Structures are given as C-alpha cells and as structure tokens.
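**Q** for reference, the sequence and a predicted model appear below.
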Amino acid sequence: RNVILDWSGTLVDDLPAVWKATNHVLTQAGRPSLTLEQFRAEFCLPFTIFYDKYTPHIPLPQLESWFHSRFRAVQSSVVALPHARAFLEFCRQHQVRTFLLSTVAKEHFAVQEKTTGFGGFLDQPYTGVWDKRKKIHEILADHKLRAEETLFIGDMEHDIETAKHGGIHSCAVLTGYNTLDQLRRPQPDLIVEH
C-alpha cells in the first residue's frame, strides 16, 4: 500500500552528473579523479564516509560548495530512468501511496522534478537526507504507514539497510550506483532489473 522511493539511480539517472561533480571535488582537493567503475565501487552513503576516505583534510562545507557548483553546471544531463514514469502511474492508478527519501539536495530536486514531471506522483518528498536510517521511522510515524504494508525501493546498499532498519520490505533496483554484487550483500527481499 505504501512505496518509499529513492531518487538518484532509482527514478532518475544522475550518475554521470554526480560522477563528474565528484571528480571536480577530488581535483580541487588535489586528489586523482576516479573512473566511473572506481566511483561505483567506492561511493557509498552516507556520503560523508566516502569523503572522509578520499578528502579527510578538507572541511565538509568546502566539499559541498565545490560539488554543488559543479553539479549545477552538469545536471542538465539528468533524465528519468526507463519505466520510472510507468511505475509511478501504476502506483497512482492503484492508490498506492508514494514517498521519496533521498540525499538529493532540495535545490537539485526542484530542478529535476520539474524536468521529469515526477513531483506530482509523490505524496511527500524527503530530500537532503544524509543518513536515511535516521529518517525512516519518522516517515512511517508521520504518515501512519504500517511496516508490513510498506516497501522501500533503492539502488544502493544504504537503501536496503534503511529498509531493514525501519522494519519494512526492501527492493533493490539495478539502474543506479551499486552493482548486483554490492546489492546482494545486504540481502534485500527482492532485486529487480528496473
């Protein structure tokens, strides 16, 4: 009856833009750039873990400034993933409530939801959430969502860990950041291609 969705890599393909913005951050910090394969293998949520590993000498506000300035310049490449609209339409037709739980910055979400037109399909977006595990119980309580009737769909290990932390069902989708091997580790209830 309730679906909580991740945004990046689940509903939209922003991987190229995030990878470019991250490499900009690494370059500014005097670190070597990562190939896309390296980035997918290393990037994790909460993203502070990733930056603590690669740029521990740079304060987080500076990292965010570099990232967001570059992301603004490349986010025009962000597009809806195949089948995402059809899935959201299916949920609306069957009166399945849909919520968004994402790390995407509010300003970037505002641009991307306008481009994709997905905002109207979401009962409520929760954006700018660094650690989704700290927000999941609040969402369930605020909307009186029963755990056994709720599914979280995401493309990263952190999404599956968040679902388990919230005591809800989990579905990993292979359209985003983590590979099949990475997504098998937290043992989601279901893994789907898209």
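**A** Yes, it's here. No experiment lies behind these values; they were computed from the predicted model shown. Residues are numbered from 1 along each chain as shown.

**Q** quick one, what contacts Tyr54?
**A** Neighbouring residues of Tyr54 by C-beta atoms under 8 Å, 6 or more residues apart in numbering: Leu26, Ala29, Arg31, Glu42. No exception for glycine: its C-beta is placed from N, CA and C like everyone else's.

**Q** which of the residues you listed sit farthest apart?
**A** Ala29 and Glu42 (14.8 Å; C-beta to C-beta).

**Q** those two: who's more crowded?
**A** The neighbour count for Ala29 versus Glu42, taken as other C-beta atoms under 10 Å, is higher for Ala29 (16 against 13).

**Q** pretty sure that one is touching Pro59, no?
**A** No. With contact defined as C-beta atoms under 8 Å, Ala29 does not reach Pro59; the gap is 10.7 Å.

**Q** quick one: low-confidence ranges for this structure?
**A** Across the chain, nothing is flagged by pLDDT under 70.

**Q** residue furthest from the geometric center of it?
**A** Relative to the C-alpha centroid of the chain, counting by C-alpha atoms, centre = their mean, Gly30 is the outermost residue, at 26.9 Å.

**Q** tell me the SS of that residue?
**A** Put simply, Gly30 is coil when judged by DSSP: H, G, I helix; E, B strand; the rest coil.

**Q** what about the strands in the protein?
**A** Along the chain, counting by DSSP state E, strands occupy 2-5, 12-13, 79-80, 97-101, 124-126, 150-154, 169-173, 190-192.

**Q** and those as a markdown table, adding distance to Lys53 and mean neighbour count?
**A** Below are the strands of the chain laid out as a markdown table (distance: least, C-beta to C-beta, whole Å; neighbours: other C-beta atoms under 10 Å):
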| stretch | distance to Lys53 | mean neighbour count |
| --- | --- | --- |
| strand 2-5 | 28 | 25 |
| strand 12-13 | 25 | 22 |
| strand 79-80 | 29 | 16 |
| strand 97-101 | 24 | 21 |
| strand 124-126 | 26 | 17 |
| strand 150-154 | 22 | 25 |
| strand 169-173 | 23 | 23 |
| strand 190-192 | 27 | 13 |
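
**Q** need those in JSON lines (columns: distance to Tyr51).
**A** Converted to JSON lines, these look like this (distance: least, C-beta to C-beta, whole Å):
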{"stretch": "strand 2-5", "distance to Tyr51": "25"}
{"stretch": "strand 12-13", "distance to Tyr51": "22"}
{"stretch": "strand 79-80", "distance to Tyr51": "26"}
{"stretch": "strand 97-101", "distance to Tyr51": "21"}
{"stretch": "strand 124-126", "distance to Tyr51": "22"}
{"stretch": "strand 150-154", "distance to Tyr51": "21"}
{"stretch": "strand 169-173", "distance to Tyr51": "24"}
{"stretch": "strand 190-192", "distance to Tyr51": "28"}
